[in-house]
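Undergrad: Whatever this is, show me its structure:
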Amino acid sequence: MGALLFATFMGNRSQPLTSHAFWGSLGLWALQLIVGVVAIGWVTFLAISIPHCGQNCEWELLSASIYGFMIFVALTLVASMAVMIRLRRSGKVWIAPVAGIALILVACPIASAIAYKAMLFF
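TA: As a prediction, this is how the structure comes out:
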């Protein structure tokens, strides 16, 4: 029991220090989360707003577009956090959430275009 307490104490003391940029990048990651939720809402509500689609829509492609984009945003968030944790001692840790935001903003119009194609609006 004593060895476990000693290992825990030494593990807490020997943790690598994080840079000040890491704490600011957590705010950027929160912004990435907000951008991802808004983009998912955009693509989802785009699919809900089918005015005259009826039986002519390709429902499989439409649902694949929505769910694929949701999975993409989730994987982008997880990957961004993993890169941030890996680079926590460097000053350029902010690059990970900014790149994640850029990827989400590029993928959102692509998912929207696929949804429009599935609704046969092109």
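
Undergrad: From now on I want contacts and neighbour counts done on CA atoms only, so please keep to that.
TA: OK.

Undergrad: which residues of the chain score low on pLDDT?
TA: Within the chain, the stretches with pLDDT under 70 are 1-21, 50-54, 121-122.

Undergrad: now the helices: where do they sit in it?
TA: 2-13, 20-48, 59-86, 95-118 (DSSP state H).

Undergrad: Work out the gap between the last one and the centre of the chain.
TA: Spelled out, that is helix 95-118. 10 Å (C-alpha atoms, centre = their mean, to the nearest Å).

Undergrad: what packs against it?
TA: Applying 3 or more C-alpha pairs under 8 Å, 6 or more residues apart in numbering; DSSP states H and E, one finds that helix 95-118 makes contact with helix 20-48, helix 59-86.

Undergrad: can you list these in JSON lines and add distance to Ser112?
TA: Formatted as JSON lines, those follow (distance: least, C-alpha to C-alpha, whole Å):
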{"stretch": "helix 20-48", "distance to Ser112": "6"}
{"stretch": "helix 59-86", "distance to Ser112": "8"}
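
Undergrad: which of the helices of the chain is buried the deepest?
TA: Among those, ranked by average contacts under mean count of other C-alpha atoms under 10 Å, first place goes to helix 95-118 (a mean of 19).

Undergrad: contacts for it?
TA: 25, 28-29, 32, 35-36, 39-40, 43, 46-47, 57-59, 61-62, 65-66, 69, 73, 76-77, 80-81, 83-84, 122 (C-alpha atoms under 8 Å, 6 or more residues apart in numbering).
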